[in-house]
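**Q** Whatever this is, show me its structure:
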Amino acid sequence: MIQVEAINNSNSDLKQREALFKQLAIDADKPHVFLSTCNRLEVYWGEGEAPEHLARHLFRVASGLESSLLGERAIQGQIKQAYAEALEKYKLSSSLNRLFQMAMHTGKRARSETRISEGAVSHSQVTVDILRAMNVDLENRIVALLGVNNLTEDILKYLTARSARNVFISNRSYHRAFALAEAYGASAIRFDERQQLLEQSDVIISATSAPHTVVTKDDLTAEKERFVFDLAFPRDVEEGVGELPNVKLYNLEDIERFAQANLQERAGEVERVEQIIEEELSKYYQWQNYALKS
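**A** The predicted structure follows:
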């Protein structure tokens, strides 16, 4: 039977997810699909039948209905990447293969046949929107980006479009940081040299995959006004950073609360997406009944 172990925004808050993350054990030798995003860690494995609640959950995730930012597009690519990485490492069961293929198809239908993602926000967009709402002069501020991934690249695109001129990227792989910086006219800093960058930056945006904090209270001087965005899970920034008198710290939950006002317009599309999900679930179970029981 197909099984799942999940830690996500629907069953735990940020602190709880971090605590559960440390307990999550993944058997690297067992074929599985590991979906890791800002809001969820989900591991799918097994063969044979997929329980209805499991299949419906994955189809809803792929369609953006289980995201903190309703209808966000990033999850579709994240599922595709997780599935592709699993295919490279393992020989997945036919039922697990079909489940993910149909989940991705369902997500594609949801976005092409409804307005669920029309005007949808992402964590990267909201981060830049907060800076704009706070009247941060990006053109004349020093911005530090920690981590190289789709999220930080999206942020870099938005910053560049809003005339940010002093953007510095730091990553454990300097080669990746340099390549991204060169593509957008930014500068790269070696990760073990980030201390000086943190001290000088007016805006710090961190989204690494490190299992521990990479920005601590001791890294920053108390006098300088700063906006710090922690977009990582587990968190990159020590909670104490938010206690500094001139620092405004935003974590994932803060960013999602800021975005809620933009979601009401798309709420009416949920029913149509749910209809698509039920249609695709019916097709999946038709296949399952034929392929696994014949």
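
**Q** CA atoms for contacts and neighbours, from now on please.
**A** Fine.

**Q** buried stuff in stretch 122-141?
**A** Neighbour-count burial for stretch 122-141 flags Ser122, His123, Ser124, Gln125, Val126, Thr127, Val128, Asp129, Ile130, Leu138, Arg141 (criterion: 16 or more other CA atoms under 10 Å).

**Q** For Ile277, state which of those is nearest.
**A** Lowest distance from Ile277 to the buried residues of stretch 122-141 (CA to CA) belongs to Ser122, with 22.4 Å.

**Q** so who does the closest one touch?
**A** Residues in contact with Ser122, defined by CA atoms under 8 Å, 6 or more residues apart in numbering, are Leu69, Glu72, Arg73, Ala74.

**Q** thinking again about what came up before, Serialize the buried residues of stretch 122-141 to a markdown table and add fields for pLDDT and distance to Asn166.
**A** Shown next, in a markdown table, are the buried residues of stretch 122-141 (pLDDT from 0 to 100; distance: CA to CA, whole Å):
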| residue | pLDDT | distance to Asn166 |
| --- | --- | --- |
| Ser122 | 79 | 23 |
| His123 | 84 | 21 |
| Ser124 | 84 | 18 |
| Gln125 | 82 | 19 |
| Val126 | 85 | 20 |
| Thr127 | 88 | 17 |
| Val128 | 84 | 15 |
| Asp129 | 84 | 18 |
| Ile130 | 87 | 18 |
| Leu138 | 84 | 8 |
| Arg141 | 90 | 7 |
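
**Q** quick one: the helices in this protein?
**A** Here the chain has its helices, by DSSP state H, at 14-23, 52-62, 74-89, 94-113, 123-133, 150-161, 174-184, 194-200, 252-259, 270-293.

**Q** Find the nearest non-adjacent residue to Arg111, please.
**A** Computed as CA to CA, 6 or more residues apart in numbering, the closest residue to Arg111 that is not its neighbour in sequence is Ser117, at 6.0 Å.

**Q** my read: the one you found touches Ile75, true?
**A** No: applying CA atoms under 8 Å as the test, Ser117 and Ile75 come out as separate, 11.4 Å apart.

**Q** Since that was my last question, I'll sign off now.
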